[in-house]
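Undergrad: Provide a 3D model corresponding to the input given below.
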Amino acid sequence: MAEVEWDPKRPRWQQIADAIRARIADGTYPPDTLISEARIMGEWGVAKMTARKAVAALRAEGLLVTTPGMGSFVKGEGESES
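TA: Modelled structure (predicted):
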């Protein structure tokens, strides 16, 4: 589990979404990388609902694409939103 200094003034899901967004921007998470709720829960030590909110926020921004039965992946250039 990553050592995280949480900002008590902001919801954890927002802070996780910010971290994932930064990793997408810097190439740590290239297109087609699986961003699962289980991965978020394990890395940041948060509950499933917190992980789910972070994924939903990134999906709403168009950074992730969710494929039923497969999971949420970093969106590549030119991919349509599902």
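
Undergrad: for residue 52, grab the count of nearby residues.
TA: A count of neighbours around residue 52, defined by other CB atoms under 10 Å, yields 16. Quick note: C-beta positions are derived from backbone N, CA and C, even for glycine.

Undergrad: tell me the pLDDT of the nearest residue to it once chain neighbours are set aside.
TA: Closest residue to residue 52 apart from its sequence neighbours, by CB to CB, 6 or more residues apart in numbering: residue 37 at 5.8 Å. The per-residue pLDDT reported for residue 37 equals 94.

Undergrad: now do the contacts for residue 37.
TA: For residue 37, the contact set (CB atoms under 8 Å, 6 or more residues apart in numbering) comprises 48, 51-52, 55.

Undergrad: switch the cut-off to 6 Å
TA: 48, 51-52 (CB atoms under 6 Å, 6 or more residues apart in numbering).

Undergrad: one more: residue 54?
TA: Shown in contact with residue 54 (CB under 6 Å, 6+ apart): 13, 16-17.

Undergrad: which of the helices or strands spans it?
TA: In the assignment (DSSP states H and E), residue 54 maps to helix 48-60.

Undergrad: from residue 35, how far off is the nearest residue in space to residue 33 that is not next to it in sequence?
TA: Counting by CB to CB, 6+ apart, residue 74 is the residue found nearest to residue 33 once chain neighbours are left out, at 4.6 Å. If you measure residue 74 against residue 35 using CB to CB, to the nearest Å, the figure is 6 Å.
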